[in-house]
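Colleague: next input, structure requested:
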Amino acid sequence: MSLVGSVEMPRQGKKYRDAREKLPRGVKFTPGQALELVKDLSFARFDETVEVSTRLSVDPRKADQIVRGTVVLPHGTGKEVRVLVIAEGEKAQEAEAAGADFVGTDYVQQIQQGWLDFDVVVTTPDQMGKVGPLGRVLGPRGLMPTPKAGTVTMDVGRAVRDIKAGKIEFRVDRTGNVHAPIGRVSFEIGQLEANLEAFMDSIVRARPAAAKGGYVQSVTVSSTMGPGVAVDPNQYRRRA
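Modeller: Residues are numbered from 1 along each chain as shown. The predicted model follows:
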């Protein structure tokens, strides 16, 4: 991603510099205009991820100002998500029917042995006694299932379907920023706009009561390799 909050990360290469030079200085665009620019300025030979970075007026060091949640992007992320479900009996069958890639309790031992060929873990509450010790492996990689993320649940079928449909989890980082993928450069503008809208609605709804001033400080969209394009944050401030 090109920006962390409002501080641009250094880039190397002529293609990036050329793309950056095409951006008007100090201009904040509508979501549609910004996403058009992201697509126009992308230059990689692969289908780049389109990402959003929003800076919030919160202090993540304080427990009452943590911003986190989940959102189902209406058009998905464009990434095939590999879902592991740790469950038994009917719940395992439910997960398989919903399209889970890996199902069963045997995977606990495989993870302990170093297997990590999955993107999301879903489990039922009764399996947390087995899954809990995996926190040392899954936690640092952001893979540990939690009730708040909807990945510790008895409704494993719905959880799998939502994840496959484009459900993502977000959490504010220690600098007050939230980052998330909202699609691919190959997506239509309308699809990217709808995904951005869904994400920002979730951010606004997740506003902590302790947040001060203008909650949404900045919003920036970019492709994996391209420069960040600033979105006018005022419309989100009015909602907050």
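
Colleague: CA atoms for contacts and neighbours, from now on please.
Modeller: Noted.

Colleague: lowest-confidence helix or strand of the chain?
Modeller: The weakest-scoring helix or strand in the chain, judged by mean pLDDT, DSSP states H and E, is strand 3-4 (a mean of 36).

Colleague: what number of residues lie near residue 48?
Modeller: 20 (other C-alpha atoms under 10 Å).

Colleague: ok, it touching residue 184?
Modeller: Yes. If you go by C-alpha atoms under 8 Å, residue 48 and residue 184 touch, sitting 5.7 Å apart.

Colleague: so what's in contact with those two at the same time?
Modeller: residue 223 (C-alpha atoms under 8 Å, 6 or more residues apart in numbering).

Colleague: show me what contacts residue 125?
Modeller: Taking C-alpha under 8 Å, 6+ apart, one finds 152, 153, 154 in contact with residue 125.

Colleague: excluding its backbone neighbours, what's nearest the last one?
Modeller: On the basis of C-alpha to C-alpha, 6 or more residues apart in numbering, the spatially nearest residue to residue 154 that is not a chain neighbour turns out to be residue 124, at 5.2 Å.

Colleague: neighbours around the one you found, how many?
Modeller: 21.

Colleague: quick one: average pLDDT of the lengthiest helix in the chain?
Modeller: Taking DSSP state H as the criterion, the chain has its longest helix at helix 189-205. Mean per-residue pLDDT for helix 189-205: 96.

Colleague: packing partners for it?
Modeller: Applying 3 or more C-alpha pairs under 8 Å, 6 or more residues apart in numbering; DSSP states H and E, one finds that helix 189-205 contacts helix 31-41, strand 68-72, strand 177-184, helix 234-239.

Colleague: looking at these, which is buried most?
Modeller: strand 177-184 (a mean of 24; mean count of other C-alpha atoms under 10 Å).

Colleague: that strand pairs with which strands, and in what direction?
Modeller: Looking at strand 177-184 with DSSP bridges, its partner strands are strand 49-56 (antiparallel).

Colleague: what mean pLDDT does the partner strand get?
Modeller: Averaging pLDDT along strand 49-56 yields 97.

Colleague: do a quick rundown of the strands in the chain.
Modeller: Ranges of strands in the chain, per DSSP state E, are 3-4, 7-8, 49-56, 68-72, 83-86, 102-103, 120-123, 167-171, 177-184, 216-223, 229-231.

Colleague: pLDDT score assigned to the residue of the chain most remote from its centre?
Modeller: Residue farthest from the centre of the chain, counting by C-alpha atoms, centre = their mean, is residue 89 at 31.2 Å. Listed pLDDT for residue 89 reads 97.

Colleague: from residue 127, how far off is it?
Modeller: Using C-alpha to C-alpha, to the nearest Å, residue 89 is found at 12 Å from residue 127.
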